[in-house]
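Engineer: sequence first, then the predicted structure, then my questions.
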Amino acid sequence: MTPDVASSLLDPIVLARIQFAANITFHILFPTISIAMGWVLLFFKLRFNATGDQKWHEAYGFWVKIFALTFALGVVSGITMSFQFGTNWPGYMQTVGNIAGPLLAYEVLTAFFLEATFLGIMLFGQKRVSNRMHTLATVLVAGGTTLSAFWIIALNSWMQTPTGFEMINGQAHVTSWLEVIFNPSMPYRLTHMLMASGLTAAFLVAGVSAYRWLIGQRTNAVLAALKTGVALAALLIPLQILVGDAHGLNTFKHQPAKIAAIEGIWHTERGAPLLLFALPNQSTQSNDFAIGIPKLASFILTHDINGEIRGLNEFTEHPPVAKVFWSFRVMVGVGMLMLLTSWLAAWQLRRHNETSPLVTKLLIGMTFSGWVATVAGWYVTEIGRQPWLVQGVLLTKDAASHVGSGMILSTLLMYLALYVFLLISYVSVVFYLAKKAGQPAGEH
């Protein structure tokens, strides 16, 4: 490591960005599951209510434990982000706190309390309350997770495409809450995130159920969960591709510098190719070893094979290209693998009522693929907005605190060690619960 690189990494702003990135990366893993898992649990519950078939009751009983574990880790990791707003990024709340504060409060008051309150009934109240009340609790928890996502995405979308405010003495003041919440990118980001959550939960359910099937737990409940996960994934992935395309067109309109980084377009051009592979070179402002499909990027973004796409050369400030470029391709690549896996598994389940050993192992391998795609997509969104914290309003460097690099580095290392431990523990517990579920009650 050169002295310049080492000095850059020890810069307090860089360390604070890495710390927040580590925190949000770890945190987003769990809401991405719980948002959709609540609705999967409701599906199991409603199927049991409608048919009386015990397999749906068993599926609910197993997956509600996974949901509770996921919810707990999401809460714990989310709390630390709130502290970082004050310790590492005081300029954020000082500048846009009039908007960010109420939106975060709405999330806590209308969503988090709803989830936390009725989760207890879902877990422990099945034999203590009526079936109707237990079903209602599941509905409220599922609705709470989605409402929570609504408020968080509203805030994040506003940071990407801010509207409905005016600046007075360096602070943002709301002129229209409707415009703040339903800003130009919000509907696209919310739909994209909900679809991502659905796919993450679908592959988790399918992967863990495939694991249980492979180790000999060939019960109706396991097969029902497997079919549910595969069917949900097979349905959502083509819809996600369509939503992603619409989201890209919205980004092309409102954040052209981000699109230029995604596509690796350094200079404005017509008939821009869609690059399948390239090594973006910041120093030469070109792409090394580029492999692409001629004119396809222009056609996708402008619906004209000779359409013009603005290059990074037109922007005084633009995001780091390589990180955005490759994060986007990881997201798309995992998405294509999801499409192939889910459709192949759905075809086999329809024909044979089970999956082949190869596809079963593939599903197990894809258990946490939703995490990879979601994190990659989140990096595209957040790094692609740089150097702005709030697009056109607040630069990231202007929001940073004056905390020394030593303090940030020490807490960063502790965070990373804890996150690695918790992540390994979470995955281990999920598969431990899956393995234990097949044992007689006396052996638990």
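Structural biologist: Looks like it arrived, so ask away.
Engineer: okay, CA-based contacts and neighbour counts for the rest of this
Structural biologist: Will do.
Engineer: can you list the buried residues in stretch 363-383?
Structural biologist: Buried residues in stretch 363-383, counting neighbours by 16 or more other C-alpha atoms under 10 Å, are found at 363-364, 366-383.
Engineer: for stretch 173-192, same thing?
Structural biologist: Here stretch 173-192 shows 173-174, 180-192 as buried, counting by 16+ other C-alpha under 10 Å.
Engineer: which stretches of the chain aren't confidently modelled?
Structural biologist: 1-9, 438-444 (pLDDT under 70).
Engineer: pull the longest helix from it.
Structural biologist: helix 12-51 (DSSP state H).
Engineer: can you tell me the centre-most residue of this structure?
Structural biologist: Nearest to the mean C-alpha position of the chain, counting by C-alpha atoms, centre = their mean, stands residue 374 at 3.9 Å.
Engineer: same for the next helix or strand after the longest helix of the chain, what does it pack against?
Structural biologist: Under the assignment DSSP states H and E, the closest C-terminal helix or strand after helix 12-51 is helix 54-87. Helix 54-87 sits against helix 12-51, helix 90-106, helix 113-124, helix 220-254, with contacts defined as 3 or more C-alpha pairs under 8 Å, 6 or more residues apart in numbering; DSSP states H and E.
Engineer: now distance to residue 206 too, for the ones you listed, in JSON lines please.
Structural biologist: Shown next, in JSON lines, are the helices and strands packed on helix 54-87 (distance: least, C-alpha to C-alpha, whole Å):
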{"stretch": "helix 12-51", "distance to residue 206": "12"}
{"stretch": "helix 90-106", "distance to residue 206": "33"}
{"stretch": "helix 113-124", "distance to residue 206": "22"}
{"stretch": "helix 220-254", "distance to residue 206": "5"}
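Engineer: how far off centre is stretch 68-76?
Structural biologist: How far stretch 68-76 lies from its chain's middle: 15 Å, per C-alpha atoms, centre = their mean, to the nearest Å.
Engineer: repeat that for stretch 13-21.
Structural biologist: Counting by C-alpha atoms, centre = their mean, stretch 13-21 is centred 19 Å from the centre of its parent chain.
Engineer: what's stretch 209-219 in contact with?
Structural biologist: Residues outside stretch 209-219 that contact it (C-alpha atoms under 8 Å, 6 or more residues apart in numbering) are 222-223, 225-226, 357, 360-361, 363-364, 434-435, 438.
Engineer: can you show me the CA trace of that stretch as PDB?
Structural biologist: Only the C-alpha atoms of stretch 209-219 are listed here, as PDB (Å, rounded to 0.1, in the frame of the first residue of the first chain):
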ATOM      1  CA  SER A 209     -36.700 -25.600   2.300                       C
ATOM      2  CA  ALA A 210     -34.400 -27.200  -0.400                       C
ATOM      3  CA  TYR A 211     -31.800 -27.900   2.300                       C
ATOM      4  CA  ARG A 212     -34.500 -29.500   4.500                       C
ATOM      5  CA  TRP A 213     -35.600 -31.600   1.600                       C
ATOM      6  CA  LEU A 214     -32.100 -32.700   0.800                       C
ATOM      7  CA  ILE A 215     -31.400 -33.900   4.300                       C
ATOM      8  CA  GLY A 216     -34.500 -36.000   4.400                       C
ATOM      9  CA  GLN A 217     -37.200 -33.800   5.800                       C
ATOM     10  CA  ARG A 218     -39.600 -34.700   2.900                       C
ATOM     11  CA  THR A 219     -42.800 -33.500   4.600                       C
END
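Engineer: which parts of it are buried?
Structural biologist: Result for stretch 209-219 [16+ other C-alpha under 10 Å]: buried residues 209-213, 217.
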